[in-house]
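> Provided below are the primary sequence and the corresponding predicted coordinates.
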Amino acid sequence: MKRIILKCRPGARFHLGKSVSDVSLQLSDTSEYIHSDTLFSALINALAKALPDKVNQLVEAFESDKVKISSAFYCLEPKGKGLDWVYFLPIPVVFPNLAGSNYKAAKKIKFISEKLVHFGLPVGQCLDHPDVVIVNNAFMCLKSELDFLDDKEKAILKIYKKISEPKVKARTETKMDALFERTDIHLENHPHLIHRVHCHFWFGLEIKDSDIETLFQTALNLLVDEGIGGERSVGCGMIEGYEDNVGWEFPQSGDTGLFLNLSLVIPSSEHEFRQFHGYHILKRGGRRLPKSNAGQKDRYLQQVQMVKEGAVLMSVISGKKENLFKGEDNTPKYRYGKCFSYPVPKNFL
């Protein structure tokens, strides 16, 4: 099991696909982190541009569980020698129900640090604990993890911001169609913190075949060159590099027998779906496909329901990928829905 860090410059912007009811509004909102299906598509598309004959080999490796990836979550890099990075996981979806009178405050929390998960506290008691701090109204971690910042710096730390800006299209059929809104994720860029802390993305990787590991490394190198997400032509989605030699003491199955889901999942059967103890459903797909000629009718990907990150599992499941479209050239459009489960410690849930 590896932890891969996608290095980002301060202030980096990302537009990450989000399913909307009206295709004309598809730029008006964005996911707040890199879902596993987006990461999968970016890796496959990057590989297809340079080594198209290797694409099926990598897709089949994902299908057979020789390769597994999680979604990409936020992490903090303190600027200084010997300081530990802070890695965030999705908050369990059952957290608000366990927080008692803090239900409203708990609803705002989206991420929890990995160290806090293993601190020994039940998750429902974290908000009231004196050793716990809330950052950016959405991130919960131990105060000791941010000791490299003083109290004023902690108060102004914003790991990311979601910013919407009006835009004007250069060429449209009518003036009414020219104005639109684009929403992007902006990583931490406070001028007082730029030399103190940097924000990046990280994801989990499991590879069971050494030959596939070389191919995956190639795809990852190409991903850095290509970027990830939408609107890359205007500067979004740029990755500066990656680190893959980061130590990760992946926990063994906990005494609770419960797992935290770290990816978007399409259950492969009713039995797999019943393994979820708590979950939220997210609709994905529906993107309009580019036309191959001027007279062609609009074509869209199908939509699919997926179990969101942060779901609680009673046992490990596999999940599956789903083909959302088959074009005239029989080229499939896959939605990656394999499960990446993380064992949680005793008493956490």
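Everything's here; your move.
> what segments of the chain are helices?
Counting by DSSP state H, one finds helices in the chain at the ranges 36-50, 55-63, 95-98, 103-108, 114-117, 151-156, 210-226, 270-273.
> worst average pLDDT in the ones you listed?
For these, the weakest mean pLDDT is recorded on helix 151-156, namely a mean of 89.
> and that one, what's buried?
residue 154 (16 or more other Cβ atoms under 10 Å). The way it works is simple: take the backbone N, C-alpha and C, and place the C-beta from them, glycine included.
> gap between that helix and the chain center?
Its chain's C-alpha centre and that of helix 151-156 lie 26 Å apart, by Cα atoms, centre = their mean, to the nearest Å.
> I'd like to know which elements that helix is packed against.
Helix 151-156 sits against no helix or strand, with contacts defined as 3 or more Cβ pairs under 8 Å, 6 or more residues apart in numbering; DSSP states H and E.
> quick check: residue 6 touching residue 74?
No - counting by Cβ atoms under 8 Å, no contact exists between residue 6 and residue 74, whose distance comes to 10.5 Å.
> give me the more crowded residue out of these two.
It is residue 74, of residue 6 and residue 74, that has more neighbours when counted by other Cβ atoms under 10 Å, with 27 against 22.
> which strand residues bridge the more buried one?
For residue 74, the residues forming beta bridges with it (DSSP bridges) are residue 201.
> what is the burial count for the residue lying closest to residue 119 once chain neighbours are set aside?
Residue nearest to residue 119 in three dimensions, not counting chain neighbours: residue 142, with 6.3 Å by Cβ to Cβ, 6 or more residues apart in numbering. Around residue 142 sit 18 other residues, with neighbours defined as other Cβ under 10 Å.
> tally of neighbours for the residue nearest to residue 121 when sequence neighbours are not counted?
For residue 121, ignoring the flanking residues on the chain, the nearest one in space by Cβ to Cβ, 6+ apart is residue 129 at 6.0 Å. When counting by other Cβ under 10 Å, one arrives at 15 neighbours for residue 129.
> which residues do residue 6 and residue 74 both contact?
Between them, residue 6 and residue 74 share the neighbouring residues 200-202, with contact defined by Cβ atoms under 8 Å, 6 or more residues apart in numbering.
> the stretch 151-300 of the chain: strands as residue ranges?
Chain-ordered strands for the stretch 151-300 of the chain, with DSSP state E, counting those that start in this stretch as the definition, fall at 160-168, 179-187, 197-207, 241-246, 259-261, 276-278, 281-285, 288-289, 299-300.
> residue 220 is nearest to which of those?
Counting by Cβ to Cβ, residue 220 lies closest to strand 241-246 out of the strands of the stretch 151-300 of the chain; the figure is 6.1 Å.
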